[in-house]
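Novice: Need coordinates for the below:
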Amino acid sequence: MRSLLPSALRVALATSLLVSTGCDGDIGADNDDNAGGGGSGMFTTGAGASGAGNGSGPGSTGSGPGGNPMLGNCTVFPSDNAWNTPVDGYPLHPSSDSFIDTIGRDDTLHPDFGTEYEGAPIGIPYVLVTASQADVPVDFVAYGDESDPGPYPAPLDAPVEGGPDGDGDRHVLVIDTDECVLYEMYRAFPQGGGWEADCGATWDLKINDTRPAEWTSADAAGLPVFPGLVRRDEVVDKGVIDHALRFTVSQSQAGYILPATHYASSSDDPNDAPMGLRLRMKAGYDCSGYSSEVQVICTALKKYGMIVADNGSNWYISGAPDPGWDDDALGDMGDIPGDAFEVVDTGPIQSY
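Specialist: Residues are numbered from 1 along each chain as shown. The predicted structure follows:
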């Protein structure tokens with residue numbers, strides 16, 4: 001592991017800890033607690049009840065029959081889920097140029113993941129558990145009425161974003177590979193025999209599970225975090241990412257596009273990106289001069305694109321930390337400008 005990182009990664013870590021908002025990111029917005037139905041978009045977004053389960057231990061990753069990501073025997077949502085849906089053939093959004101201009105046409109991508117910096121892992125970690133993992137209580141202190149209640153099968157030593165002493169978003173992600181349920185917490189701290197967190201959400205990975213309309217999650221958009229992470233096993237071991245990626249913008253509008261269910265802004269500027277906005281890399285953008293890792297990421301961005309999931313720094317793409325990442329190779333992402341992207345039309349902007 002390196003003790004010094006490329007400048008893009010150093011800035012990514014420092015800035016994301018300061019400005020990323022997570023599920024308490026209602027910047028000037030009312031956090032309505034009432035669930036309700038939403039309009040339909042172009043993606044399959046059928047709601048389903050989250051399952052419960054417990055477990056512990058590692059699990060393998062790979063691709064399912066339809067190409068969608070796998071964890072052990074679990075698909076990471078069905079192949080027709082929004083995260084797993086190719087958008088290379090989707091129509092251009094009529095406001096594409098305005099959205100790209102606002103996010104920053106001349107600004108560049110930043111990998112918000114890597115090895116470590118000053119002892120803290122760079123990125124959002126996760127842990128796989130199986131049936132032997134005990135459930136523990138979770139106390140939700142900020143958004144309990146929009147959180148899926150515990151207990152969660154979250155080990156008390158589960159990895160925390162930013163490390164044990166991190167003071168940022170402190171996401172904790174747990175995937176039960178027996179029950180195929182994803183558990184996510186925001187601002188999570190181990191307390192006694194359980195956890196205290198601002199909010200939490202559970203996701204049944206076997207179905208197109210969504211939050212109720214107007215509900216947040218461990219992300220400001222009301223989306224799951226894990227499906228949008230860049231993972232080393234996909235990039236390096238498999239050489240293919242079979243899903244869209246998660247990224248942040250510094251200024252969003254008070255609106256969302258399904259399957260997002262929540263926004264974190266009071267802005268009525270139509271040029272600000274709504275939560276759930278889907279971007280793709282332009283088909284003609286040349287990535288051949290970049291590292292092999294970044295070429296894999298480019299291919300995914302051209303096929304699946306990336307989704308606005310939270311307020312943070314512009315063009316910061318999320319991933320999971322891993323001591324095996326080559327931080328210098330990932331630094332090639334810092335040469336990719338916003339102008340390499342366009343916005344695709346996946347449905348209407350909704351508000352509440």
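Novice: can you tell me which residues contact the residue most central in space within the chain?
Specialist: For the chain, the residue nearest the mean C-alpha position is residue 225 (3.4 Å; Cα atoms, centre = their mean). Shown in contact with residue 225 (Cβ atoms under 8 Å, 6 or more residues apart in numbering): 124, 171, 173, 184, 217, 218, 219, 246, 309, 318. No exception for glycine: its C-beta is placed from N, CA and C like everyone else's.
Novice: same deal with residue 141?
Specialist: Counting by Cβ under 8 Å, 6+ apart, residue 141 has contacts 196, 197, 198.
Novice: which one of these has the most neighbours?
Specialist: Most neighbours among the contacts of residue 141, by other Cβ atoms under 10 Å: residue 197, with 29 neighbours.
Novice: Wait, that residue touches residue 184, no?
Specialist: No - with contact defined as Cβ atoms under 8 Å, residue 197 does not reach residue 184; the gap is 9.4 Å.
Novice: Could you name every residue contacting both of these two?
Specialist: Counting by Cβ under 8 Å, 6+ apart, the residues touching both residue 197 and residue 184 are residue 172.
Novice: Okay, helices next: where are they in the stretch 201-350 of the chain?
Specialist: 232, 292-303, 327-330 (DSSP state H, counting those that start in this stretch).
Novice: Which among those is found nearest to residue 265?
Specialist: For residue 265, the closest of those is helix 292-303, at 24.5 Å, according to Cβ to Cβ.
Novice: Could you tell me how far the closest one lies from the centre of the chain?
Specialist: Here the centre of helix 292-303 is set off from its chain's centre by 17 Å, with Cα atoms, centre = their mean, to the nearest Å.
Novice: Which parts of that helix count as buried, going by neighbours?
Specialist: Within helix 292-303, the residues scored as buried using 16 or more other Cβ atoms under 10 Å are 293, 294, 295, 296, 297, 298, 300, 301, 302, 303.
Novice: Could you do stretch 272-282 as well?
Specialist: For stretch 272-282, burial by neighbour count (16+ other Cβ under 10 Å) applies to 272, 273, 274, 275, 276, 277, 278, 279, 280, 281.
Novice: Mind pulling up the pLDDT for residue 238?
Specialist: pLDDT for residue 238: 95.
Novice: low-confidence ranges in the stretch 1-150 of the chain?
Specialist: For the stretch 1-150 of the chain, applying pLDDT under 70 flags the ranges 1-68.
Novice: What segments of it are strands?
Specialist: 61-63, 69-71, 74-75, 110-112, 116-117, 120-121, 127-129, 138-140 (DSSP state E, counting those that start in this stretch).
Novice: After the last one, which helix or strand is next? Please name it.
Specialist: Right, the one you point to is strand 138-140. strand 172-176 (DSSP states H and E).
Novice: Would you mind writing the CA trace of that following strand as PDB?
Specialist: C-alpha atoms of strand 172-176 as PDB (Å, rounded to 0.1, in the frame of the first residue of the first chain):
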ATOM      1  CA  VAL A 172     -21.700   0.600   7.000                       C
ATOM      2  CA  LEU A 173     -22.800  -1.900   4.300                       C
ATOM      3  CA  VAL A 174     -23.600  -5.500   5.100                       C
ATOM      4  CA  ILE A 175     -24.700  -8.100   2.600                       C
ATOM      5  CA  ASP A 176     -26.300 -11.300   3.900                       C
END
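Novice: Show me how far that strand is from its chain's centre.
Specialist: 13 Å.
Novice: For it, give the mean pLDDT please.
Specialist: On average, strand 172-176 scores 98.
Novice: Against residue 279, how distant is residue 313?
Specialist: Note on residue 313: its distance to residue 279, by Cβ to Cβ, to the nearest Å, is 15 Å.
Novice: ranges for the strands of the stretch 201-350 of the chain?
Specialist: Counting by DSSP E, counting those that start in this stretch, the strands of the stretch 201-350 of the chain are 245-249, 252-256, 273-275, 278-281, 306-311, 316-318, 341-344.
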